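Undergrad: Predicted model and sequence below, questions to follow.
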Amino acid sequence: MNISTDQASELIAYAATDASIATTIIVGSLASWDAAGRSTQIDGFTFVNLSDLTAALLEKLAPALIMAPLVTEEFDAIDVATALAALGYKGRFRAIADDLPNVEMIRRDVRSSVPDIDFDVLALPPTTQD
């Protein structure tokens, strides 16, 4: 999933809509982001690999929002939601996806698989071509 600058700005604005959010955790592939030249140093955001999620990290950062791509080569939203539930996370988890034809089906699937997580999908609008 390639996120444009406009889409990244939308995600940052979404995360900032709740003033109580001190840190937003973004789960993904640090190696892929580094290889693509993407910055993982953004105030208010902590970028981690799925394998880096631990109870200690969640306790230290106390995030009210965790975001991850809906699907990657390494994991999908159900994997992330399952890991978060196993760690006792009770906050919001949002999967980021390009515009999808049936977002509600994905919501139902993840919510039924991991009902203890506050899950939703952020379906990004298509990028504009200049």
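TA: Right, received. Where do you want to start? Everything numeric here is computed off the predicted structure, so don't read it as measured data.
Undergrad: ok, then the element right after the helix or strand containing residue 97?
TA: Using DSSP states H and E, residue 97 falls within strand 92-98. Proceeding N to C from strand 92-98, the next assigned helix or strand is helix 103-113, under DSSP H and E.
Undergrad: can you pull out the strands in the chain?
TA: Here the chain has its strands, by DSSP state E, at 24-28, 45-49, 65-69, 92-98, 118-124.
Undergrad: how many degrees apart are the first one and strand 65-69 in direction?
TA: Orientation check (axes from the mean of the first three to the mean of the last three C-alpha atoms, to 10 degrees): strand 24-28 against strand 65-69 gives 20 degrees.
Undergrad: how big is the angle separating strand 24-28 from strand 45-49?
TA: Using the same axes, to 10 degrees: strand 24-28 against strand 45-49 is 30 degrees.
Undergrad: What average pLDDT does strand 24-28 get?
TA: Mean per-residue pLDDT for strand 24-28: 94.
Undergrad: State the distance from residue 63 to residue 107.
TA: Taking C-beta to C-beta, to the nearest Å as the measure, residue 63 falls 21 Å from residue 107. Using the backbone N, CA and C atoms, a C-beta is placed for each residue, glycine as well.
Undergrad: And for residue 50?
TA: From residue 50 over to residue 107 the distance is 21 Å, taken as C-beta to C-beta.
Undergrad: beta partners for the residue nearest the centre of the chain?
TA: Residue closest to the average C-alpha location in the chain (C-alpha atoms, centre = their mean): residue 67, at 1.5 Å. With DSSP bridges as the criterion, residue 67 is bridged to residue 26, residue 94.
Undergrad: about what we covered before: of residue 63 and residue 107, which one has the most company?
TA: The residue with more neighbours, out of residue 63 and residue 107, is residue 63; 22 against 15, by other C-beta atoms under 10 Å.
Undergrad: I figured residue 107 hits residue 122, correct?
TA: No. Residue 107 is not in contact with residue 122 according to C-beta atoms under 8 Å; the separation is 11.3 Å.
Undergrad: Report the contact partners of residue 33.
TA: Contacts here follow C-beta atoms under 8 Å, 6 or more residues apart in numbering; on that basis residue 33 touches 40, 47.
Undergrad: That'll do, ta.
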